[in-house]
Every structure is written in C-alpha cells, then in structure tokens.
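In: coordinates only, sequence not included:
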C-alpha cells in the first residue's frame, strides 16, 4: 500500500472519530476542513522528490541596523517603520543605497541608486552608514538557526540561504508548518523577519520567497507555475537582468509565460547560452543541488572608490598596495593561490578599462600581487584622473608550496611568506590597524581598503 494511501486512511479514521464526538455541526466542519488541509499538505510532501526552502531576510542591512539600534543603543525610532535606507558615505563618493525600508520603497527609491538621487525623491529620508561587522554577526546567528532544521544549508549570500528539507521536514510537520516555525523563531529570537519560499527546486523556491513581503511563507510548486509565475513580468525571473529584459521586450516577450512558450532554439540563437538557461527557468526547470559547503572561489577581487581623483603615480600605487594587502589576506585565509592578476581603472568620466597578466607561478603573497598590479597599471593608465581602482584575480587553486625556480630572480619568497603569515596573525589577534606599512602614515587613504567580501 502506498504511503499516500496510508496517510489518507489514517487521517480519515480521525475524521470519523471526531464526527462521532462532534456531530454534524460547525465544530465538526471546521475540524473536517483542517484535516483535509493536512491531507493536502502531506500529499504535497509525498509528491515532491525534494522539498527545498529559500529563506531571505527582509531588507537585511536595514532590519539588522534597526534591531541593533532598538535593542542596544536605546533608540526609539524603528528604521523599518519610516522612510529610511542604509547607504555609503557621500563625502567619500560611495553614496549608494544598499538597503531600504518598505516606506522608502513607496517613494520609488531603488537599491543601487545614489543617495542624493534617493533624497531628491524623499527629502526626509533617514540614511545610516553600513556596519558590516554587525551584519556578519547577524548573518551567522540566522544561519545557526537554519542548521537546526537541516544538515543541508547553502548560504547563498549574507542574507539568504537554501535548505534541503527533504529528509527532515517530516520532523516538524508539513512543509508550511516547518517554514512558519523557522520564520517565527527568527523573528522572536533575533528580532527581524524573513520570507520563506517552498518548492521542489532552488529556482522555484527563490521565486516563491519574493512573493508579497515581508514576513511571509509562500509556495511555488510545479503545478502552481502557470497561475503564480507565468503572469509575472519577465524582468522578475531569476537570471534576467535589465539588459536581458530589455532585449526580451524587443523580441515581443513581456511575461515569464511568454518566455516559457517561446522556441528555445530561437532564444539560443539570439541570447546564446543564457537563452537556454532562462527558457528552462521560465518552465520551472533547475537541477542544481543544495550544497552544504560552498564551492571554492575561482577568483578573488577587491576594489575601491577613492575619496578624491587620483592624478599621480605614487598615490595610485599606494591605493594598489592597500588593495593588495586586503586581497592577499583573503587568499591566505582560504589557503588559496591565484595564477592571473588584473587591474581595473574607472576614470572620473566613469569610463572603465582593465588589463590582465598570467603569472609564472601561482601566488598569495601581498608584495607579488602588488608588483604585478603596478606593472599592469603602468601599462594601462593614460594619465587621466582616476575615480576607482580594482585588483582582481582568477585561476584560484589550493596552496602549492612549491615554485618554479628562475635563475635571474633572487627574491626570497619563503621569507616573504613568513612575513605575510606573521602580519596576518598579528592583525587577526589585535585588529587590522595593529600593523601597517610606513608609506600609509599621514595618508588620506586606509592601509587596507576595498569592498567588504559579502
């Protein structure tokens, strides 16, 4: 006898017992409706090969700021209930909206736009600067709760994760009951809210979590795609960015349903590989598994917008050294080495150029990264004022602990490696500012600058 039939018989017996006790009145009817809802949910669990959750923190940075300020700073204003945003420091030319409240959204404020643009739309907008260390701690606490419900938790970003609940869901009831329990625990214990999407694969679960925020649980099972997903604008499909959406609009495709019905060969001809991928996504197809351990990085990068236009070589190299310091520290922390280094320059007119070089030997040494970055920079720079600099790498792999010898290279790489490890240990114990190079003393830039690795 199938599991589905057994579940139905067991629950039907309970219905019969309640009917004998309660008669045929409204009380019995309510219990009957409740029990058939349970039957339906259990059959959903049985029909799915997998049960996947996608958990997304609502306005993460802003929510975490609000909770911390209310609980630990004695503030009375809840940033989530007013037009507010987390944004960079405009005086340092990093004034970008990173997260916004729901009231701010009503003014048309968008993540990624300049703070000054947002304030033009809403003059009373409350803007607070980001605190990445706080967000890192909140994210870790959030992930700890998720791991109490499943061994298979994949952290997708600092504020969202996938969970494979296929093996553990039955311990907490139906899929919706388990999701509600997780959502309520996060709200009660950590103070912020999440949306949870439920389906049989990662794509549909992620799409479901975007339905109607905040603090909600939504399903998007394969048989619900036609009703819930296909009427949506094609721009709301995962992996369809602004440029792709614009291209699809020009092709006469405006909804996800129209994309799903399109000829995949035609899409591939126009959009190449991405055409195949988004056609599969529009039809609810995603075969990617939930990975409890993230795949190793293939590349590492670091960049910074400088508070002033850089017009001399010495200052540009100082910025490159600061970027190389942070980049080298991250590589060594992951026990990784890279074989390709590239430098990117964004000029004051916002035009962007880059140049790369393959190394003779993979490395994670700060000075080697820096010297390569300087070489590339000198080949690339056309003497125009610089607004933004970046050092990026690829070809990452594990530490090799060996190097091909060069008769003309007298550099003591073993000594450089020992110095880097010693400096890393000191900074890890006493803070990043415990050791800094003398060239940064009295300078207007940090000795370790660049984007925070989220």
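Out: That came through, no problem. Quantities reported herein were computed from a predicted structural model and do not represent experimental measurements.
In: ok now do the closest residue to residue 283 other than its chain neighbours, which residues does it touch?
Out: Leaving out its chain neighbours, the residue that sits closest to residue 283 by C-beta to C-beta, 6 or more residues apart in numbering is residue 260, at 4.9 Å. Where you see a C-beta, it was placed from the backbone N, CA and C, and this is true even at glycine. Listed by C-beta atoms under 8 Å, 6 or more residues apart in numbering, the contact set of residue 260 reads 230, 279, 282-283.
In: Any chance of those residues in JSON lines with pLDDT and distance to residue 409 as columns?
Out: Converted to JSON lines, the contacts of residue 260 look like this (pLDDT from 0 to 100; distance: C-beta to C-beta, whole Å):
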{"residue": "230", "pLDDT": "96", "distance to residue 409": "61"}
{"residue": "279", "pLDDT": "95", "distance to residue 409": "52"}
{"residue": "282", "pLDDT": "96", "distance to residue 409": "54"}
{"residue": "283", "pLDDT": "95", "distance to residue 409": "55"}
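In: circling back to that earlier point, is the residue nearest to residue 283 part of a helix or strand, or is it coil?
Out: Applying DSSP: H, G, I helix; E, B strand; the rest coil to residue 260 yields a three-state assignment of helix.
In: Residue 248 versus that one, what's the distance?
Out: The span separating residue 260 from residue 248 equals 12 Å under the rule C-beta to C-beta, to the nearest Å.
In: where does the stretch 1-150 of the chain dip in pLDDT?
Out: Judged against pLDDT under 70, the low-scoring parts of the stretch 1-150 of the chain cover residues 1-48, 89-94.
In: ok, which stretches of it are helices?
Out: Along the stretch 1-150 of the chain, the stretches classed as helices by DSSP state H, counting those that start in this stretch are 3-22, 26-47, 60-72, 102-105, 115-121, 132-146.
In: which residues in this protein form strands?
Out: In the chain, the strands defined using DSSP state E lie at 52-57, 84-87, 97-100, 126-128, 153-157, 160-164, 194-199, 217-219, 301-310, 336-347, 352-363, 386-394, 397-398.
In: between these, which gets nearest to residue 175?
Out: Go through those one by one with C-beta to C-beta and the one that ends up closest to residue 175 is strand 194-199, at 5.0 Å.
In: list the helices and strands the closest one packs on?
Out: Using 3 or more C-beta pairs under 8 Å, 6 or more residues apart in numbering; DSSP states H and E as the contact definition, the elements that strand 194-199 packs against are strand 52-57, helix 175-190, helix 202-209, strand 217-219.
In: which one of the ones you listed lies closest to residue 126?
Out: Checking the helices and strands packed on strand 194-199 against residue 126 by C-beta to C-beta gives strand 52-57 as the closest, at 19.7 Å.
In: Note down every partner strand of that closest one and its orientation.
Out: Counting by DSSP bridges, the strands paired with strand 52-57 are strand 160-164 (antiparallel), strand 194-199 (antiparallel).
In: Let's have these in TSV, adding distance to residue 124 and mean neighbour count.
Out: Below are the strands paired with strand 52-57 laid out as TSV (distance: least, C-beta to C-beta, whole Å; neighbours: other C-beta atoms under 10 Å):
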stretch	distance to residue 124	mean neighbour count
strand 160-164	30	24
strand 194-199	27	26
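In: Serialize those strands to CSV and add fields for mean pLDDT.
Out: Shown next, in CSV, are those (pLDDT from 0 to 100):
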stretch, mean pLDDT
strand 160-164, 96
strand 194-199, 97
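In: mind putting those strands in a markdown table, distance to residue 433 included?
Out: Conversion of the strands paired with strand 52-57 to a markdown table gives the following (distance: least, C-beta to C-beta, whole Å):
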| stretch | distance to residue 433 |
| --- | --- |
| strand 160-164 | 32 |
| strand 194-199 | 35 |
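In: So for residue 365, which of these sits nearest?
Out: Closest to residue 365 of the strands paired with strand 52-57, according to C-beta to C-beta: strand 160-164, at 34.0 Å.
In: just how off-centre is the closest one within its chain?
Out: Once both centres are worked out by C-alpha atoms, centre = their mean, to the nearest Å, strand 160-164 turns out to sit 12 Å from its chain's centre.
In: tell me the mean pLDDT for stretch 435-453?
Out: Mean pLDDT, stretch 435-453: 78.
In: residues making contact with it?
Out: Outside stretch 435-453, the residues within contact range by C-beta under 8 Å, 6+ apart are 132, 302-304, 306-308, 318-319, 321-323, 325-327, 329-330, 423, 426-427, 432-433.
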